[in-house]
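S.K.: Here's my sequence, what's the structure:
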Amino acid sequence: AMARALFLGAGFSRWAANLPVANELFDFAIDVFGPRDAAKLQIVKELNGRWNSENPNGLAEQFIAHAMTLPAKLRQSVLWYITRRLSEPFIWS
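M.R.: Modelled structure (predicted):
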């Protein structure tokens, strides 16, 4: 018997769980739960804003790749934000 694999694109997560696709990821549509969250969110907003101004035709995936080359505190803030943005719809469910 032949094994089969199914690859689902970003549209599937939009359809199945109403999650943002990459170009919607940095809309900053999350609730903050205190000063630490607010500080991390501000870091990501500033990094993303600066990157977007320097790369006006850049993609979210490219920003994420860039963020992975940054110092730990900045990199961890971006990873925290992505995790929160993708889990936000389920936090209050």
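S.K.: can you give me the helices in this structure?
M.R.: Using DSSP state H, the helices of the chain run over residues 10-17, 35-54, 60-67, 72-91.
S.K.: I'd like these laid out as TSV, including distance to Glu24 and mean neighbour count.
M.R.: (Each C-beta comes from the backbone N, C-alpha and C, glycine too.) Shown next, in TSV, are the helices of the chain (distance: least, Cβ to Cβ, whole Å; neighbours: other Cβ atoms under 10 Å):
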stretch	distance to Glu24	mean neighbour count
helix 10-17	9	11
helix 35-54	13	14
helix 60-67	8	16
helix 72-91	9	15
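S.K.: Adding distance to Ala29 and mean pLDDT as columns, could you present those helices in CSV?
M.R.: Output for these, formatted as CSV (distance: least, Cβ to Cβ, whole Å; pLDDT from 0 to 100):
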stretch, distance to Ala29, mean pLDDT
helix 10-17, 14, 69
helix 35-54, 11, 98
helix 60-67, 14, 96
helix 72-91, 7, 93
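S.K.: Looking at those helices, spot the one closest to Leu25.
M.R.: helix 60-67 (5.1 Å; Cβ to Cβ).
S.K.: Which other helices and strands does that closest one contact?
M.R.: helix 35-54, helix 72-91 (3 or more Cβ pairs under 8 Å, 6 or more residues apart in numbering; DSSP states H and E).
S.K.: would a markdown table of the helices of the chain with distance to Asp27 be doable?
M.R.: Below are the helices of the chain laid out as a markdown table (distance: least, Cβ to Cβ, whole Å):
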| stretch | distance to Asp27 |
| --- | --- |
| helix 10-17 | 14 |
| helix 35-54 | 10 |
| helix 60-67 | 10 |
| helix 72-91 | 8 |
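S.K.: Can you check which of those gets nearest to Asn23?
M.R.: Judging the helices of the chain by Cβ to Cβ, what sits closest to Asn23 is helix 60-67, at 5.7 Å.
S.K.: Look up how far Met2 lies from the spatially most central residue of the chain.
M.R.: The C-alpha lying nearest the average C-alpha coordinate of the chain belongs to Ile82 (Cα atoms, centre = their mean; 3.2 Å). For Ile82, the distance to Met2 equals 36 Å [Cβ to Cβ, to the nearest Å].
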